[in-house]
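**Q** Turn this into a model:
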Amino acid sequence: MAKKASKKSAETVYKILEVVGSSPKSWEDASRVAVETAAKTLRDLRVAEVTKLDMKIENGKVTAYRARVSMSFKYEG
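**A** Numbers count the residues shown, from 1 in each chain. Alright, predicted model coming up:
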C-alpha cells in the first residue's frame, strides 16, 4: 500500500509580501530593518529576497539607503 503524503506538507500555502526598509547606514541595515519590522506583526516568516536597492539623495548627498524586500510567510486562512 502506498504511503499518503502528510496533509500538513501537501497543503501548505505561503503569502508573499513586499516591504521597503530604510537606513542612513547601508543597504544591509535597510534590509535588516525591513525584515525585523515585518517580524513584529507577521508570524512564521520563511524567506526574504532583496528585489531592489535605491538611495535617497538630498543636496547631492546620500541620506538614506533603501531596500525593497520580498518575503514569504505561512498563510493561515
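**Q** got the residue ranges for the strands in this protein?
**A** Ranges of strands in the chain, per DSSP state E, are 14-23, 45-58, 61-74.
**Q** and these, which is most packed in?
**A** Stretch with highest mean neighbour count among those: strand 61-74 (a mean of 16; mean count of other Cβ atoms under 10 Å). C-beta here means a position set from N, CA and C on the backbone, and glycine is covered the same way.
**Q** Output the contacting helices and strands for it.
**A** The contact analysis (3 or more Cβ pairs under 8 Å, 6 or more residues apart in numbering; DSSP states H and E) places strand 61-74 against strand 14-23, helix 27-39, strand 45-58.
**Q** want to try CSV for the ones you listed, with distance to Y75 as columns?
**A** Output for the helices and strands packed on strand 61-74, formatted as CSV (distance: least, Cβ to Cβ, whole Å):
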stretch, distance to Y75
strand 14-23, 4
helix 27-39, 15
strand 45-58, 11
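**Q** Just put the strands of the chain in CSV and tack on mean pLDDT and distance to S31.
**A** Converted to CSV, the strands of the chain look like this (pLDDT from 0 to 100; distance: least, Cβ to Cβ, whole Å):
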stretch, mean pLDDT, distance to S31
strand 14-23, 94, 6
strand 45-58, 96, 5
strand 61-74, 95, 4
